[in-house]
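1. need a structure here:
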Amino acid sequence: MSETKREQDTTKRTAPATEAEAYEQGNTVKDPDEWTTGDEPMTGAQRSYLKTLSDEAGEAFDETLTKAEASKRIDELQHKTGRGLEK
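-> Numbers count the residues shown, from 1 in each chain. Coordinates of the predicted model:
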């Protein structure tokens, strides 16, 4: 196995799966307002999850949010619905 392949495999195994896991590992989670790409349109994954959360919370879904705005809205709706929060 090449050194590069071994490094990639190690990275795959050690990279945190979620922001919560990254925080637990001691990585700093940036505030969405500080993201360099925060003004870009939300990602497909954000759009899908936000739509699900909005439906569950009985709230309107705003498809015009930026990445940063979508992240904040997801946090709000997770707290409202209890979805995605550690128990």
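
2. now the helices for the protein?
-> Remark: helices assigned in the chain by DSSP state H are 3-14, 19-24, 44-57, 67-81.

3. rank the ones you listed by pLDDT, which is bottom?
-> Note on the helices of the chain: lowest mean pLDDT is at helix 3-14, with a mean of 52.

4. quick check: domain ranges of this protein?
-> 1-29, 31-87 (automatic domain parsing).

5. what's the neighbour count on residue 48?
-> Look at residue 48: counted by other Cβ atoms under 10 Å, it has 11 neighbours. Quick note: C-beta positions are derived from backbone N, CA and C, even for glycine.

6. the one 10 residues further on now?
-> Residue crowding around residue 58 was assessed by other Cβ under 10 Å; the count is 8.

7. so how far is residue 43 from residue 33?
-> To residue 43, residue 33 is 17 Å away according to Cβ to Cβ, to the nearest Å.

8. and these two? which has more neighbours close in?
-> residue 43 (14 against 10).

9. pull the contacting residues for the more buried one.
-> Residue 43 is in contact with 67, 70, counting by Cβ atoms under 8 Å, 6 or more residues apart in numbering.

10. next one: it from residue 82, what distance?
-> 23 Å.

11. can you pull the contacts of the closest residue to residue 33 other than its chain neighbours?
-> Leaving aside its sequence neighbours, residue 33 sits nearest to residue 68 (Cβ to Cβ, 6 or more residues apart in numbering; 6.1 Å). Counting by Cβ under 8 Å, 6+ apart, residue 68 makes contact with 32, 33, 35, 38, 39.

12. tell me, how many residues neighbour the first one?
-> Right, the one you point to is residue 32. 17.

13. quick check, it in contact with residue 74.
-> No. With contact defined as Cβ atoms under 8 Å, residue 32 does not count as touching residue 74 (9.8 Å).

14. let me know whether residue 81 touches residue 55 as I believe.
-> No. Contact between residue 81 and residue 55 fails when scored by Cβ under 8 Å: they sit 9.8 Å apart.
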